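In: My questions concern the predicted model and sequence given below.
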Amino acid sequence: MGIFSHILDAIPILFQWHNILAMIVGTAAGIAIGALPGLSAAMGVALLVPYTFVMPPETGLVMLAGIYNGAIYGGSISAILLRVPGTPAAIATTLDGYPLTCKGRADEALQLAVSSSFIGGVFSAFALLLLAPPLAEVALSFGPPEYFWLAVLGLTIVASLSSGSVMKGFITACFGLFLGVVGLDPITARERFTFGQVGLLGGIDVVSALIGLYSIPQVLRLARAKTKIGELTEGALAKIKRRMFEDIGKYWKTVARSSLLGVIIGMIPAAGANIASIVGYNEAKRASKYPERFGTGYGEGVVASETANNAVTGGSLVPLLTLGIPGNAVAAVIVGGLLIHGLVVGPELFTKSADIVYTFMLGMLFTNVIMLFMGFYGARRVFLNVTKIPNSILAPAIVVLCVIGSYSLRNNMFDVWVMLILGFIGYVLEENGYPLAPAVLAVILGPMAEANLRRSIMMGRGSIVPIFTRPICIVIIVLCVLSLLTPYLQARKKKRSGDAQAS
Amino acid sequence: MKKADRIISLVMLLFCIWGYVHSSSFTEDARVFPQALMIIWGVLSAGLFLSTFRGKEEREKTLAEGEVSYGRMFVAAVLCVIYIWSINLLGFFVATPLFFALTMVALGQSSVKMIALATAIVTVASFVIFRLILYVPFPEGALFS
């Protein structure tokens, strides 16, 4: 039987009432989990996997699909309204999302986020449905040298994320890289900068660092401000009646680029939505005629980041379903969801349990539609009200959520202290013009860069030549150079055109 | 801004020197990356430190009087520290309502009804969502265990 006959067989199963209900519940739970700082998509799926045991396999799996898609989108809600990214994948969304809220255009930002998340998610679901086996082989050709350069590519984006001083951006990136070094050495397991603290042996958790660096400075700003977020804006929140895909059409190139990047990065094991959203944002800025508008409340920035991070969802399941290799933490947890229903991931899954697998893949597609409606109508009726809450309630509520989020990562109060201390450091740095996004990016990419560089050198028996000669490495190196040079070339071009206009 | 940059870059530079020396005690494999990082970070910090002596002082964007209250912010920061410290002692579900109500008062909320209602909602919601549904095992506190 071909792919299309499998899809036709799966459609009636997907639209059984209990499956539709499971998708609605899963998507709503996913959006809520994603919007809460510290509760990631992986954690949401992991917490709800046991509940799916009592359900028929296809019902449990479409529910997990809803949680996954919903959580990745949900991170954008708090990123836009509070400048607190709900998930690490929404870091890039804060750069333009919150400035849009400050301009009184929060509903526009939320509408762009849900529309672009929907398009990215649908694109990746189609990629999963139709192109899974050939795409999986491409993803598997990545080895340590390619991963090293992928991490370096991510780090070159620091220049783009540094609004204001690029030097300060690189300094905060170094701070982030240092945070990534703390703990056990990735190859020899020797202690580094642990100061005898058992809590530091496992390193500084990325999510703890993210919550601290983003949430606590925002809490302190709310505490010192005498007005609500809604009153801090340059006018009352706009009450314009919006259509579902309004404004997104003018960013179609960005949507297409970010969708493609998201699917490709999603398929590469261990890369994931965090990297995809930042790469998507950077590439949009690089290709834009108005790069200076990024970071100031520009809709295209939200679209670039949100399309890319939701495009990862289907991509990350490609190597999982076809080869049994999970693309990221969520995919790894979904393996558990499949296993408790007796489904063993790998090539045979498509022949032995085609009805369940295709229902799951169609669920990945359909939950995006549910997410679109929930996000679009929820934005106006529920989410926007967050900006009307008095700061005296919002500030302590964010602190409580931060404590829960950082504690629940490893059930460890040490992570809560790390979160708070990093938060105070983040506040001081940010108040003095040091951007924090490069620091978080470096915490994520630093350990990946170091471990893969050292593995590559071991593979080359002490030689670093192989990391420069492999074909995919050469492509990524070219991208790194372009990424580093583009801001300077754009600034030069702008200066020239300014000089020409002046003369 | 330049004065702050000078202090921050100097602190970072000193930290990099300490970090470089400290990482010499690691094994040869384990120290290469941290030492390279400390050199790059140190050079950038030194560059920033030197740049503060060049050019004119930028005019800082200042917020108008009455727009902000740094006193409230300081109190909120202190309450955060006390809250996290008290979780191990009192337990999450005792420390949280205390922190919530005190912070609301510190941030200028005067309505007792509002304080009681918001505190009760947040505490009950976190108990139901995180303890009953998501099984997050919060600390019960040394006093109650």
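Out: Here it is on my side, so go on. Residues are numbered from 1 along each chain as shown, chains lettered A, B, ... in the order given.

In: Could you list the domains of chain B?
Out: B:2-51, B:70-133 (automatic domain parsing).

In: Please tabulate those domains in TSV, including the columns mean neighbour count.
Out: (Each C-beta comes from the backbone N, C-alpha and C, glycine too.) Converted to TSV, those look like this (neighbours: other Cβ atoms under 10 Å in any protein chain shown):
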stretch	mean neighbour count
domain B:2-51	17
domain B:70-133	17
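
In: Let me have these in JSON lines, extended by mean pLDDT and distance to chain A.
Out: Below are the domains of chain B laid out as JSON lines (pLDDT from 0 to 100; distance: least, Cβ to the nearest Cβ, whole Å):
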{"stretch": "domain B:2-51", "mean pLDDT": "91", "distance to chain A": "4"}
{"stretch": "domain B:70-133", "mean pLDDT": "90", "distance to chain A": "4"}
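
In: could you redo those as JSON lines and give each row distance to residue A:468?
Out: Shown next, in JSON lines, are the domains of chain B (distance: least, Cβ to Cβ, whole Å):
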{"stretch": "domain B:2-51", "distance to residue A:468": "18"}
{"stretch": "domain B:70-133", "distance to residue A:468": "47"}
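
In: Relative to residue B:49, how far out is residue A:9?
Out: Residue A:9 sits 68 Å away from residue B:49, going by Cβ to Cβ, to the nearest Å.

In: Work out the gap between stretch B:18-29 and the centre of the chain.
Out: Relative to its parent chain, stretch B:18-29 has a centroid offset of 28 Å by Cα atoms, centre = their mean, to the nearest Å.

In: and if you look at stretch A:421-433?
Out: For stretch A:421-433, the distance to the chain centre is 23 Å (Cα atoms, centre = their mean).

In: Using PDB, write out every CA atom in that stretch.
Out: The C-alpha trace of stretch A:421-433 is given here as PDB (Å, rounded to 0.1, in the frame of the first residue of the first chain):
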ATOM      1  CA  ILE A 421      21.400  34.600  41.300                       C
ATOM      2  CA  LEU A 422      21.600  34.600  37.500                       C
ATOM      3  CA  GLY A 423      18.400  36.700  37.500                       C
ATOM      4  CA  PHE A 424      20.100  39.500  39.600                       C
ATOM      5  CA  ILE A 425      23.300  39.300  37.400                       C
ATOM      6  CA  GLY A 426      21.000  39.500  34.300                       C
ATOM      7  CA  TYR A 427      19.300  42.600  35.700                       C
ATOM      8  CA  VAL A 428      22.600  44.400  36.300                       C
ATOM      9  CA  LEU A 429      23.900  43.500  32.800                       C
ATOM     10  CA  GLU A 430      20.700  44.300  31.000                       C
ATOM     11  CA  GLU A 431      20.300  47.700  32.700                       C
ATOM     12  CA  ASN A 432      23.800  48.600  31.400                       C
ATOM     13  CA  GLY A 433      23.100  47.600  27.800                       C
END
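
In: Provide the contact partners of that stretch at residue level.
Out: A:164-165, A:168, A:172, A:175, A:179, A:204, A:208-209, A:211-217, A:219-220, A:402, A:436, A:439, B:1, B:4-5, B:8, B:77 (Cβ atoms under 8 Å, 6 or more residues apart in numbering or on different chains).

In: With stretch A:465-480 instead?
Out: A:141-143, A:145-146, A:148-150, A:152-153, A:156, A:453, A:456-457, A:459-460.

In: Assign a three-state SS to residue A:463, would you?
Out: coil (DSSP: H, G, I helix; E, B strand; the rest coil).

In: before we move on, the earlier item: what is the lowest-pLDDT residue among the contacts of stretch A:465-480?
Out: Sorting these by confidence puts residue A:141 at the bottom, with a pLDDT of 73.

In: Excluding chain neighbours, give the residue nearest to that residue in space.
Out: residue A:472 (6.5 Å; Cβ to Cβ, 6 or more residues apart in numbering or on different chains).

In: quick one: average confidence on stretch A:55-63?
Out: Average pLDDT, stretch A:55-63: 88.

In: Where do the helices of the stretch 351-500 of chain A begin and end?
Out: Secondary structure of the stretch 351-500 of chain A (DSSP state H, counting those that start in this stretch): helices at A:354-381, A:391-410, A:413-431, A:437-459, A:466-469, A:471-502.
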